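Got a predicted model here, sequence first, then my questions.
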Amino acid sequence: MRPGFLLPSIHSAPPFFTQQPHPGTNETATEHWATLILTYARHRKLFVLRVEDTEAADSEWQEVLRNERINRKLLATYLSAILESMVAKNSAVYDPPGQTRSVLLYWRLPEEWAEVLHTWAISTGQLNTILTFYEITDPPIPSPLSNMPANLLRKAIAVLAKTGRAQLITVADGEGVRLFQGTGK
Amino acid sequence: MRRGVGLAAFDRQEQSNRSFAQLSSQLSQSQVDNLHAQLTQFRTALAHFASTHRDSIRKDPAFRHAFQQMCSSIGVDPLAGPRQGGWWAEMLGLGDWQYELSVQIVDVCVSTRDRNGGLIEMDELLRLVRKLRGVTSGQVTEDDIVRSIKTLQPLAVGYQVVALADGRKMVRSVVKELDEDQAVVLAIAQQEGGRIVEDILVTRKGWTRGRARAALDNMLLRDGLCWLDEQDEQCGKAYWVTSAIKWDV
C-alpha cells in the first residue's frame, strides 16, 4: 500500500468488483468507484485511466483496480461502464476523443486548472512572457502543473483566452502561451 | 315501613325520594373529591419522582427501561406530547429525547440505504447511532431504538423492526414486504458475514436449486437488497447481503 492513501472500506467488499445488475445498486457502486478513482488520481497526480489498466500488471492503478487480499479485480467491462458514467457526469473526458478506452480525469475541471495556471504564472512572475508548454508542465521547481498532459493544458488555456488572460502562440518547437494579468480578476 | 294511605302518602314518598337522591349525590361528590385529592397527590408524587430522577432516566438505560415499564403498567404514556395533554413529556424531556433519537435513526437508515437497500441489522444501527451521538450522551439500547421506531409510525414511511428466525433483529426503512424465504436468506447471510450462495441454501435448508436461485435473484434484481460477486473462488457467483457486511461510515 502506498503511504498516505487510505482505501475506503468498500474496497474490501468482494462484490464491489462486479458490475451490479440492479440499476439502483449499480448507480451507487459506480458512484463509489468514480469517487475512489478521482480521489486516488488527485492523490497520485494521475491524469489518464485506460480500460487496459485492469489487465496491465505494472499499471500505476494496480492498488485501486485490484485487491489482492480478497483476490478480486475490477473487470474491463465494468471499468468501461464506470468511465462512461464519469464522462456523462463531466468528471472525465474521452481522450483522445472518438474512442472509449481511455479517459482524461477531471479531478480538477479545466476551469479550475485555468485558475491554477494563472495563479502560478503570477506567483512566479511569468506574466507577459512567452512560455512553452514544456516550461509549464516540466518546470525546474515542481509546481501543481508538473506533468500535466498537454491537451488538458490546452483546455485550461482556452478558458483563460476567453477572458483575455491568455493567448495561444505557435512557437518554433511546438506550442506556447502568453499569460496576461487580465481584467476583473 | 308502614305504607300510608291517602294523598299525604304520595307527598311523603316523594319527599323521601328527594332526600335519598340528595344523599347519594352528596356521597358521590365526596368520592369524586376524594379521588381528585388522591390523583393530585399521585401527580405530585410522580412529578417529584420524575424531576428528581430526570437525569437518571435520561442517562441510565436500565432505569429508563424500568421507568417505561412502570408507566405502561399503570397506563400512562410517557411519550404523550404536550398536545395530547401529556405533562410527562415536558416534565421529563423524554419525548424530545425519543424524537431526537428517531431522527438519528432515520439519519442512519437513509444514509446507509444506498448500500443496504433499506435493511439494516439492529447491532449495526445501534453502532452507527452511538457513533453519531458521540460518547458523552449516555448509552442507547436496542429497547430505545424499538420505541423510537414506534414513534415514527404516524409518518407512515414504513420503518419497521423485523425479527429473524435466529433471534436477530433488523430494521427496515423502506416499504417492502419480506417473504419467508428472504428472511431465511438474511438469517444465513448474517452468520456468513454477508456472503450467500445457492449451495448453502440447498445443503443447509434442503431447498431445491430453483427455489434458492429465485429467492436470491429476487433479492438481487427486484429489491436491491444484495450485491452480486462474479469472482467468487468457490462458486463463481456469490450474493452479498450488504446489510450483513460491517462497514465503516
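Done, it's in.

For the rest of this, base every contact and every neighbour count on C-alpha atoms.
Noted.

And the residue most central in space within chain A, how far from residue A:47?
In chain A, the centroid-proximal residue (CA atoms, centre = their mean) is residue A:105; its distance is 2.8 Å. Residue A:105 sits 5 Å away from residue A:47, going by CA to CA, to the nearest Å.

follow-up on the earlier one: beta partners for the residue nearest to the centre of chain A?
On DSSP bridges, the residues paired with residue A:105 through beta bridges are residue A:92.

returning to what we had before: which residues are common contacts for residue A:105 and residue A:47?
Common neighbours of residue A:105 and residue A:47, using CA atoms under 8 Å, 6 or more residues apart in numbering or on different chains, are residue A:41.

Can you name the next helix or strand after the helix or strand of chain B with the lowest mean pLDDT?
The weakest-scoring helix or strand in chain B, judged by mean pLDDT, DSSP states H and E, is helix B:87-92 (a mean of 60). Counting by DSSP states H and E, the next helix or strand C-terminal to helix B:87-92 is helix B:94-116.

That following helix near chain A anywhere?
Yes. Using CA under 8 Å from any CA of the partner chain, helix B:94-116 reaches chain A at B:114, B:115.

Just the buried residues of that helix, please?
B:94-95, B:98-99, B:101-102, B:104-106, B:108-110, B:112-116 (16 or more other CA atoms under 10 Å in any protein chain shown).

cool, and stretch B:30-49?
residue B:47.

what does stretch A:54-73 give?
A:54, A:55, A:61, A:62, A:64, A:65, A:66, A:67, A:72, A:73.

ditto for stretch A:118-125
Here stretch A:118-125 shows A:118, A:120, A:121 as buried, counting by 16+ other CA under 10 Å.

and the residue of chain B nearest chain A?
Chain A sits closest to residue B:229 of chain B, with a gap of 4.1 Å, by CA to the nearest CA.

so that residue bridges to which residues?
Applying DSSP bridges, one finds that residue B:229 bridges with residue B:238.

ok, it touching residue A:21?
No. In this structure, residue B:229 is not within contact of residue A:21 by CA atoms under 8 Å, at 10.5 Å.

what's the spacing between the closest residue to chain B within chain A and residue B:24?
Of all residues in chain A, residue A:15 sits closest to chain B, at 4.1 Å by CA to the nearest CA. Using CA to CA, we find residue A:15 at a distance of 79 Å from residue B:24.

Show me which of those two is the more surrounded one.
Using other CA atoms under 10 Å in any protein chain shown, the more surrounded residue of residue A:15 and residue B:24 is residue A:15, with 26 against 12.

State whether the more buried one is indeed within a helix.
Yes. Counting by DSSP: H, G, I helix; E, B strand; the rest coil, residue A:15 is found in a helix.

How about it: what's its closest non-neighbour residue?
residue B:229 (4.1 Å; CA to CA, 6 or more residues apart in numbering or on different chains).

Please report phi then psi for residue A:179.
With angles defined as degrees, to the nearest 10, residue A:179 sits at phi -110, psi 140.

residue contacts, the residue nearest to the centre of chain A?
Listed by CA under 8 Å, 6+ apart, the contact partners of residue A:105 are A:38, A:41, A:46, A:47, A:48, A:49, A:91, A:92, A:93.

Which residues of chain B lie near chain A?
B:114-115, B:117, B:220-222, B:224, B:227-232, B:239-240, B:247-248.

Quick one: buried ones out of the residues you listed?
B:114-115, B:117, B:220-221, B:224, B:227-232, B:239-240, B:247.

Give me the secondary structure label for residue A:108.
Following three-state DSSP, we place residue A:108 in the coil state.

which other helices and strands contact the top helix by length along chain B?
Longest helix in chain B, counting residues (DSSP state H): helix B:7-59. Packing partners of helix B:7-59 (3 or more CA pairs under 8 Å, 6 or more residues apart in numbering or on different chains; DSSP states H and E): helix B:61-73, helix B:87-92.

rewinding a little: top of the contacts of residue A:105 by number of neighbours, please.
residue A:92 (25 neighbours).

Just to check, it is in contact with residue A:100?
No. Checked against CA under 8 Å, the pair residue A:92 and residue A:100 is beyond contact range at 11.4 Å.

about what we covered before: tell me the contacts of the residue of chain B closest to chain A?
Residues counted as contacts of residue B:229 (CA under 8 Å, 6+ apart) are A:14, A:15, A:16, A:17, A:18, B:237, B:238, B:239, B:240.

For the residue nearest to the last one when sequence neighbours are not counted, give me the pLDDT.
So the one you mean is residue B:240. Once flanking residues are discounted, residue B:240 sits nearest to residue B:195: 4.6 Å by CA to CA, 6+ apart. pLDDT recorded at residue B:195 is 90.

List the backbone torsions phi and psi for residue B:195.
Residue B:195 adopts backbone torsions of phi -80, psi 140, taken as degrees, to the nearest 10.

residues touching it, list them.
Residue B:195 touches B:189, B:238, B:239, B:240, B:241, counting by CA under 8 Å, 6+ apart.

what about the first one, distance to residue B:121?
Applying CA to CA, one obtains 11 Å for the distance of residue B:189 from residue B:121.

Next: the second one.
Residue B:238 is 20 Å from residue B:121, where distance means CA to CA.

Repeat that for the third one.
Relative to residue B:121, residue B:239 is positioned 17 Å away (criterion: CA to CA).

With just CA atoms, put the longest helix along chain A into CSV.
Longest helix in chain A, counting residues (DSSP H): helix A:23-44. What follows is helix A:23-44 as a C-alpha-only set of coordinates in CSV (Å, rounded to 0.1, in the frame of the first residue of the first chain):
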residue,chain,number,x,y,z
PRO,A,23,-30.0,-0.3,-11.6
GLY,A,24,-30.1,1.4,-8.2
THR,A,25,-27.3,-0.7,-6.7
ASN,A,26,-25.3,-0.2,-9.8
GLU,A,27,-25.6,3.5,-9.6
THR,A,28,-24.4,3.5,-6.0
ALA,A,29,-21.5,1.2,-6.7
THR,A,30,-20.4,3.1,-9.8
GLU,A,31,-20.5,6.4,-7.9
HIS,A,32,-18.3,4.9,-5.2
TRP,A,33,-15.9,3.9,-8.0
ALA,A,34,-15.9,7.3,-9.6
THR,A,35,-15.2,9.0,-6.3
LEU,A,36,-12.4,6.5,-5.5
ILE,A,37,-10.8,6.9,-8.9
LEU,A,38,-10.8,10.7,-8.7
THR,A,39,-9.5,10.8,-5.1
TYR,A,40,-6.7,8.4,-6.0
ALA,A,41,-5.9,10.3,-9.2
ARG,A,42,-5.7,13.5,-7.2
HIS,A,43,-3.5,11.9,-4.5
ARG,A,44,-1.0,10.4,-7.0
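
This completes my enquiry, with thanks.
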